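A.B. asks: Task: produce atomic coordinates for the following.
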Amino acid sequence: MIQASAFKHKTDHRFLVGTKFFSESICLENKRNLSLLSKSLSYTQLRITCFVIKTIRNGFTGSMLHQSWARAPVLTSAPGSARRQESLCLPPQLWNTCHPPELVRPTLEKTLKILQLDYVDLYIIELPMAFKPGDALYPKDENGKFIYHETDLCATWEALEACKDAGLAKSIGVSNFNRRQLEMIMNKPGLKYKPVSNQVECHPYFTQPKLLEFCRQHDIVIVGYSPLGTSRDESWVNVSSPPLLKDPVLNAIGKKYNKTAAQIALRFNVQRGVVVIPKSFNPQRIRENFQIFDFSLTEQEMKEIEALNKNVRYVELLMWRDHPEYPFNDEY
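C.D. replies: Model (predicted):
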């Protein structure tokens, strides 16, 4: 992504930008304009508002920002920092309870109304697992068991294609899809648009080489979330894998270039063609996340970092592992 406790707000998050614990930013204009983008997570809209205004004032005009509970006026009318919509990338994500085709466009239209926009840059199927439609983000029965819904990814994708045709989304993509699920979409009779992107966990401890190669072959951009590892919250994160940024190899290479372990991890993925979406609310760290284009890793260093791969996910979503379309049972 999901940690239900992360959603304690009255706002209906199904209709806002990034309805999951890792809200992210990505700009994919015709799959050419790829940028390193900041990724943020907050539990109060005030914190988000201050963060966005401060970020824009700090001059991060080369990035596109969005947040789960930030609305477009915050982004476009910050004092002294007016921006057209084209200057910001807004990629909402279709939540699990909104998979039925008849709900896809109304959900996006509700998002657009809330954001006061005519279109979004990228519309993403957040997870390939449908939940029972309704008001509950995490529908459960009287025994506390999640209530799933019949998943028809092809039908949901056709509804996204219709949104693109209607001019409501510039591009459409997916998140957390495995190879089989991607092939299901791409082999669909009458396919009009392939996914432009697949957003998945990707970092030196989980390098996703086979999925990356498959997506390259099919011109699908891999967007790596948790590129610096993730939080150590045991309620939804696999904490058996050690913290990525303490890795001695990353820190040794960073010392050579006068860079942090985080910058080395980001540079590694960018250099192999992965769009990275790190998160931070720390202004200095946000700046550092952008300062990875003034050096390159050698072939040997890339191999050393690739060798760190443990094929272990931080984000496993084990609470939904009994879902028929749980994506992480497949090899990739």
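
A.B. asks: From here on, just use CA atoms for contacts and neighbour counts.
C.D. replies: Noted.

A.B. asks: And stretch 290-298, end to end?
C.D. replies: In stretch 290-298, first residue to last residue: 20 Å (Cα to Cα, to the nearest Å).

A.B. asks: And for it, what's in contact with it?
C.D. replies: If you take Cα atoms under 8 Å, 6 or more residues apart in numbering as the criterion, stretch 290-298 is touched by 36, 257, 263-264, 266-268, 271.

A.B. asks: Provide a ChimeraX selection command restricted to the buried entries of the residues you listed.
C.D. replies: The ChimeraX command for the buried members of the contacts of stretch 290-298 (criterion: 16 or more other Cα atoms under 10 Å) is given here:
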select :36,263,264,266,267,268
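
A.B. asks: Where is pLDDT lowest across the contacts of stretch 290-298?
C.D. replies: pLDDT across these is at its lowest for L36, which sits at 32.

A.B. asks: Relative to Y205, how far out is E102?
C.D. replies: E102 is 39 Å from Y205, where distance means Cα to Cα.

A.B. asks: One more: Y326?
C.D. replies: Taking Cα to Cα, one finds Y326 at 21 Å from Y205.

A.B. asks: quick one, which of those two is more surrounded?
C.D. replies: Neighbours of Y326 and Y205, each counted by other Cα atoms under 10 Å, are more numerous for Y205; the result is 25 against 20.

A.B. asks: Now that one: closest residue in space that isn't a chain neighbour?
C.D. replies: Nearest non-adjacent residue to Y205, counting by Cα to Cα, 6 or more residues apart in numbering: N309, 4.2 Å away.

A.B. asks: any idea how far N143 is from that neighbour?
C.D. replies: N309 is 39 Å from N143, by Cα to Cα.

A.B. asks: Repeat that for S240.
C.D. replies: The value you get for S240 to N143, if Cα to Cα is used, is 29 Å.

A.B. asks: How about D121?
C.D. replies: Distance of D121 to N143, given as Cα to Cα: 40 Å.

A.B. asks: which of those two has more neighbours?
C.D. replies: Neighbours around D121 and N143, counted as other Cα under 10 Å, are more numerous at D121. The numbers are 22 against 6.

A.B. asks: quick one: which helix or strand includes the more buried one?
C.D. replies: Per DSSP states H and E, D121 falls inside strand 120-125.

A.B. asks: Run a quick neighbour tally on G167.
C.D. replies: Counted with other Cα under 10 Å, residues neighbouring G167 total 13.
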